[in-house]
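Novice: need a structure here:
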Amino acid sequence: MTQIDLHLTKEEAIVLFEMLSRFSENDKLEIEDQSEKRVLWNLCASLESTLVEPFDESYASILENARAMLRAN
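Specialist: Below is the predicted model of the structure:
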C-alpha cells in the first residue's frame, strides 16, 4: 500500500481530531464550527495537489477498488 504524506498545522490537527472524535462517538459527520469546514477545505486542497488519480479517466474504477481494499481491512 502506497503512503501519502500530508501536513497539518497543529491547530488543523486539533480541530480535525475533535471532529473525527465526535463522528466516532455518534456516527454523525457534522460541521459544528467554521474552523471544521476550513480544515476540510485545506485537507481537500492538499489532496488535490498530491493525488493524480482524481483526474484519471478511469477514476470511478480506481475509487471503487480503493473502497473495496479499505472495506476488506
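Novice: Name the SS class of the residue with the largest distance to the centre of the chain, please.
Specialist: Each residue of the chain has a distance to the centre, and by C-alpha atoms, centre = their mean the biggest one is for Glu57: 21.3 Å. Look at Glu57: counting by DSSP: H, G, I helix; E, B strand; the rest coil, its state is coil.
Novice: Would you state the predicted confidence (pLDDT) at it?
Specialist: Listed pLDDT for Glu57 reads 97.
Novice: separation between it and Ser49?
Specialist: Computed with C-beta to C-beta, to the nearest Å, the distance linking Glu57 and Ser49 is 20 Å. (Glycine included, C-beta is placed from N, CA and C.)
Novice: Would you state the helices of this structure in chain order?
Specialist: Along the chain, counting by DSSP state H, helices occupy 10-26, 34-50, 59-72.
Novice: Ok, which of those comes nearest Met1?
Specialist: Nearest to Met1 among the helices of the chain is helix 59-72 (7.8 Å), distances taken as C-beta to C-beta.
Novice: Which residues does the closest one contact?
Specialist: Met1, Glu53, Asp56 (C-beta atoms under 8 Å, 6 or more residues apart in numbering).
Novice: now do stretch 7-18
Specialist: Against stretch 7-18 from outside (C-beta under 8 Å, 6+ apart): Asp33, Ser35, Glu36, Arg38, Val39, Asn42, Leu43, Ser46.
Novice: List buried residues within those residues.
Specialist: Neighbour-count burial (16 or more other C-beta atoms under 10 Å) applied to the contacts of stretch 7-18 gives Ser35, Glu36, Val39, Asn42, Ser46.
Novice: Number of residues surrounding the nearest residue to Met1 once chain neighbours are set aside?
Specialist: Leaving aside its chain neighbours, Met1 sits nearest to Met69 (7.8 Å; criterion: C-beta to C-beta, 6 or more residues apart in numbering). Residues near Met69, counting by other C-beta atoms under 10 Å, number 10.
Novice: thinking again about what came up before, how much space between the residue farthest from the centre of the chain and Glu18?
Specialist: Distance from Glu57 to Glu18, by C-beta to C-beta: 38 Å.
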